[in-house]
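Visitor: Predicted model and sequence below, questions to follow.
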Amino acid sequence: MTPPLLARGVEVDLAGGPVVKGIDLTVGTGEFVTLLGANGSGKSTLVRALVGLIPARGTIELFGTPLTRFRERWRLGYVPQRPGSAAGVPATVREIVTSGRLSHRPVMGFASRSDRVAVTEAIEHVRLTAKADQPITELSGGQQQRAYIARALVANPQLLVMDEPTAGVDAESAEVLAGLIGHLVSDHGMAVLLVAHELGPMRPLVDRAVVVDAGRVAYEGRVEDIPSDHPHDHPHSGAPERIRPVQEEGPLG
Ligand SMILES: Nc1ncnc2c1ncn2[C@@H]1O[C@H](COP(=O)(O)OP(=O)(O)OP(=O)(O)O)[C@@H](O)[C@H]1O
């Protein structure tokens, strides 16, 4: 079966030089793969290349189609790292989630009844119904992250790519997210690529871990078998979740 994601020999250069140095990665249908690695190892850069946000060399195919020719955007959901709050008048939760249906609509089309139903359901799934019409800026960090996840999920993607969705979010939000993702993987066969420092409640969902070190794959296999000398926050270490500074990056995806 054609995998949702197939990457071979992916290389990315940023201003300072090579950051991703020849990575092979496959995510199969219904498979949950996590990308682990130390800060600055290239995980975010890799996933941004995989979803087409930045240029890369090598082969990247989504559902068997080369990335450059991939048009079925609804099949891919992407939750970027720590979306910053919007400047100007902040959008409500419902508006943000509705924007996730754009890939289902004709250009400039109005939201259909099915769009509205899908949006209401996605907001319910991340348990934000009571906050649906509040500006996103009035929500906690964890609730904001849930809204962005609802936006990624409202199009019913078959591959969901998430960049540290639970970094710095409250425990309840992390649990809600893990429950929801687990349901979508087991009942709908959604594939997941998760960048994480701490797996937390997502850990039981993981099929395969890929540890990135200095732009290369240093380990691939079961989470339980990751050698402890690999430079990442080892899942057995019990280290507290690292709270990282909010990045100056607008919401994408
Ligand atoms: N826009 C950019 N221009 C130049 N260099 C960058 C840019 N973004 C990231 N880098 C550098 O690329 C390297 C990899 O960064 P990246 O964010 O991909 O790592 P990461 O593994 O996701 O780290 P973290 O866990 O901290 O998010 C780092 O050295 C970083 O400083």
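Guide: Alright, I've got the coordinates. Numbering: from 1, shown residues only.

Visitor: which stretches of the stretch 51-200 of the chain form strands?
Guide: Remark: strands assigned in the stretch 51-200 of the chain by DSSP state E, counting those that start in this stretch are 57-62, 65-66, 76-79, 159-163, 191-195.

Visitor: Redo those as CSV? Include mean neighbour count and mean pLDDT.
Guide: Where you see a C-beta, it was placed from the backbone N, CA and C, and this is true even at glycine. Shown next, in CSV, are the strands of the stretch 51-200 of the chain (neighbours: other Cβ atoms under 10 Å; pLDDT from 0 to 100):
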stretch, mean neighbour count, mean pLDDT
strand 57-62, 18, 96
strand 65-66, 12, 95
strand 76-79, 24, 87
strand 159-163, 25, 91
strand 191-195, 24, 96
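
Visitor: A147 is nearest to which of these?
Guide: Closest to A147 of these is strand 76-79 (Cβ to Cβ; 10.4 Å).

Visitor: Would you mind writing the CA trace of that closest one as CSV?
Guide: Extracted as CSV, the C-alpha positions of strand 76-79 are listed here (Å, rounded to 0.1, in the frame of the first residue of the first chain):
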residue,chain,number,x,y,z
LEU,A,76,-2.5,16.5,5.1
GLY,A,77,-3.0,18.2,8.5
TYR,A,78,-0.2,20.2,10.0
VAL,A,79,0.1,21.7,13.4
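
Visitor: From the chain's centroid, how far away is that strand?
Guide: Taking Cα atoms, centre = their mean, to the nearest Å, the mean C-alpha location of strand 76-79 is offset from the chain mean by 6 Å.

Visitor: And that strand, what does it pack against?
Guide: Other helices and strands packing on strand 76-79, by 3 or more Cβ pairs under 8 Å, 6 or more residues apart in numbering; DSSP states H and E, are helix 141-153, strand 159-163.

Visitor: That strand and the ligand, any residue contact?
Guide: No: applying Cβ under 6 Å from any ligand atom, one finds strand 76-79 separated from the ligand by no less than 13.7 Å.

Visitor: Can you name the residues in contact with that strand?
Guide: Residues outside strand 76-79 that contact it (Cβ atoms under 8 Å, 6 or more residues apart in numbering): 51, 62, 70, 100, 145, 148-149, 152-153, 155, 157-163, 165, 252-253.

Visitor: contacts with the ligand among those, please.
Guide: With Cβ under 6 Å from any ligand atom as the criterion, the contacts of strand 76-79 include none near the ligand.

Visitor: which among those residues end up buried?
Guide: Taking 16 or more other Cβ atoms under 10 Å as the criterion, what is buried in the contacts of strand 76-79 is 51, 62, 70, 100, 145, 148-149, 152-153, 155, 157-163, 165, 253.

Visitor: can you give me the helices in the stretch 51-200 of the chain?
Guide: Using DSSP state H, counting those that start in this stretch, the helices of the stretch 51-200 of the chain run over residues 93-99, 113-125, 141-153, 171-188.

Visitor: and these, which is most packed in?
Guide: Counting by mean count of other Cβ atoms under 10 Å, helix 141-153 has the highest mean neighbour count of these, with a mean of 24.

Visitor: what angle do that helix and helix 113-125 make?
Guide: 150 degrees (axes from the mean of the first three to the mean of the last three Cα atoms, to 10 degrees).

Visitor: Can you pull out the residues in contact with stretch 118-131?
Guide: Contacts of stretch 118-131 (Cβ under 8 Å, 6+ apart): 93-94, 97-98, 100-101, 111, 132, 138-139, 143, 146-147, 149-151, 153-154, 156, 176-177, 180.

Visitor: ugh, wrong one, stretch 90-106
Guide: Outside stretch 90-106, the residues touching it (Cβ under 8 Å, 6+ apart) are 73-74, 77, 111-112, 115, 118-119, 122-123, 128, 131-139, 147-148, 150-155, 251, 253.

Visitor: Apply 6 Å and report the result again.
Guide: Stretch 90-106 is contacted from outside by 73-74, 115, 119, 122-123, 128, 131-133, 135-137, 147, 150-151, 154-155, using Cβ atoms under 6 Å, 6 or more residues apart in numbering.
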